[in-house]
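K.L.:
Could you work out the structure for the sequence below:
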Amino acid sequence: MDKVCVIIRVYNRIEDLKYCVEIIRNTWKAYNYHVILSCNGSDDGYIIDDGTVGKADLLVEIKNNVGHFSGNSQLLLAALPHIPDSCDYTVILEADTWLYGDELIVAYINKLKQQNAVWASAQFFRYVRNLATDFAIIETAWLKTHPEVFEFDKTPEYYVGNYLSRLDFKFIYITENMPINLPKYFRRFPGASNGRFFTFQKSKMVTHHVENLRGGMEEKKFYFNMVAGQDYFNISGHPSYNWERLKLGFFVALSILIPYKGWFFKTKKD
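P.N.:
Numbering: from 1, shown residues only. Take a look at the predicted model:
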């Protein structure tokens with residue numbers, strides 16, 4: 001069985017991390033996954049429990065978190081030397097990114113091979129060159145010879161997208177995780193996500209920040225069950241997913257059909 005490295009980075013989302021690792025071990029079956037936890041929150045009291053550490057292959061702990069974007073870079077760079085050479089591909093994801101099953105990974109590793117590309121992830125911001133970093137699949141040999149792709153101190157999506165384009169490295173968009181961001185004028189409408197989408201039915205992924213959900217972790221589990229198509233988590237009540245699926249599908253379709261207002265006026269002016 002082929003081996004794939006998984007780097008999960010975490011600061012304070014320790015409960016998210018516990019479920020993220022559990023989901024990987026329970027539902028990702030196509031490859032032999034080498035899981036690395038990269039953490040920079042222990043000095044601030046965010047300690048990963050022994051059960052979660054036991055399900056990983058390696059824990060990389062960093063002292064002195066250097067901040068939001070730089071801290072993200074710090075986590076990736078610290079994990080990079082520990083990626084086994086036997087792993088042809090590396091998946092990077094944040095602790096709050098839960099993916100049910102690994103069909104998406106299999107599909108995009110095959111696409112990377114077929115198209116001779118080195119990076120696959122979603123387009124985070126519409127109409128501009130950028131690549132999402134909350135979930136990405138990367139060719140390991142390329143990554144080890146280009147560690148500077150993780151050396152960002154500002155918005156990583158722009159940095160990574162421009163880095164690959166400038167050096168003429170081929171990348172692939174993971175369209176199942178798109179669109180992500182909503183036009184600003186959608187955000188006030190009932191049922192629309194708070195500025196972006198966090199639920200992706202086609203890829204069976206959720207990326208919610210639990211502090212933004214009224215129901216907290218239970219509500220995130222609800223959305224995960226919805227995309228999984230089964231009651232992976234045992235949650236209270238007897239929820240119906242059909243209305244949420246319909247609502248999500250409506251706003252996704254609408255966001256695709258209607259352009260961002262800023263882009264529209266810029267294009268009209270040009």
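K.L.:
in the stretch 151-270 of the chain, which spans are helices?
P.N.:
156-166, 216-228, 242-257, 261-269 (DSSP state H, counting those that start in this stretch).
K.L.:
Please render those as TSV that adds distance to residue 92 and mean neighbour count to the earlier fields.
P.N.:
Where C-beta positions appear, they are placed from N, C-alpha and C, glycine not excepted. Formatted as TSV, the helices of the stretch 151-270 of the chain follow (distance: least, Cβ to Cβ, whole Å; neighbours: other Cβ atoms under 10 Å):
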stretch	distance to residue 92	mean neighbour count
helix 156-166	11	19
helix 216-228	20	20
helix 242-257	25	14
helix 261-269	29	10
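K.L.:
By mean pLDDT, show me the worst of those.
P.N.:
With a mean of 39, helix 261-269 has the lowest mean pLDDT of the helices of the stretch 151-270 of the chain.
K.L.:
Quick check: residue 129 touching residue 160?
P.N.:
No: when contacts are counted by Cβ atoms under 8 Å, residue 129 is not listed as touching residue 160 (9.7 Å).
K.L.:
before we move on, back to that, for the helices of the stretch 151-270 of the chain, give me CSV that also has distance to residue 104.
P.N.:
CSV is the format used below for the helices of the stretch 151-270 of the chain (distance: least, Cβ to Cβ, whole Å):
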stretch, distance to residue 104
helix 156-166, 19
helix 216-228, 11
helix 242-257, 17
helix 261-269, 28
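K.L.:
Quick one: neighbours of the nearest residue to residue 46 once chain neighbours are set aside, just the number.
P.N.:
Of all residues not flanking residue 46 in the chain, residue 12 sits nearest, at 4.7 Å (Cβ to Cβ, 6 or more residues apart in numbering). Residue 12: 15 surrounding residues under other Cβ atoms under 10 Å.
K.L.:
Quick check, pLDDT for residue 12.
P.N.:
94.
K.L.:
List the residues that contact it.
P.N.:
41, 44, 46 (Cβ atoms under 8 Å, 6 or more residues apart in numbering).
K.L.:
Could I have the ChimeraX command that selects the buried members from these?
P.N.:
Remark: buried members of those, expressed as a ChimeraX selection using 16 or more other Cβ atoms under 10 Å:
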select :41,46
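K.L.:
Surely residue 174 touches residue 202?
P.N.:
No: the criterion here is Cβ under 8 Å, and residue 174 misses it with residue 202 at 9.7 Å.
K.L.:
more neighbours, the two?
P.N.:
Between residue 174 and residue 202, counted using other Cβ under 10 Å, residue 174 has the larger neighbour count: 24 against 13.
K.L.:
tell me the contacts of that one?
P.N.:
Per Cβ under 8 Å, 6+ apart, neighbours of residue 174: 104, 108, 120-122, 132, 135, 137, 203.
K.L.:
switch the cut-off to 7 Å
P.N.:
Residue 174 makes contact with 108, 120-122, according to Cβ atoms under 7 Å, 6 or more residues apart in numbering.
K.L.:
Specify which member of those is nearest to residue 196.
P.N.:
residue 122 (11.1 Å; Cβ to Cβ).
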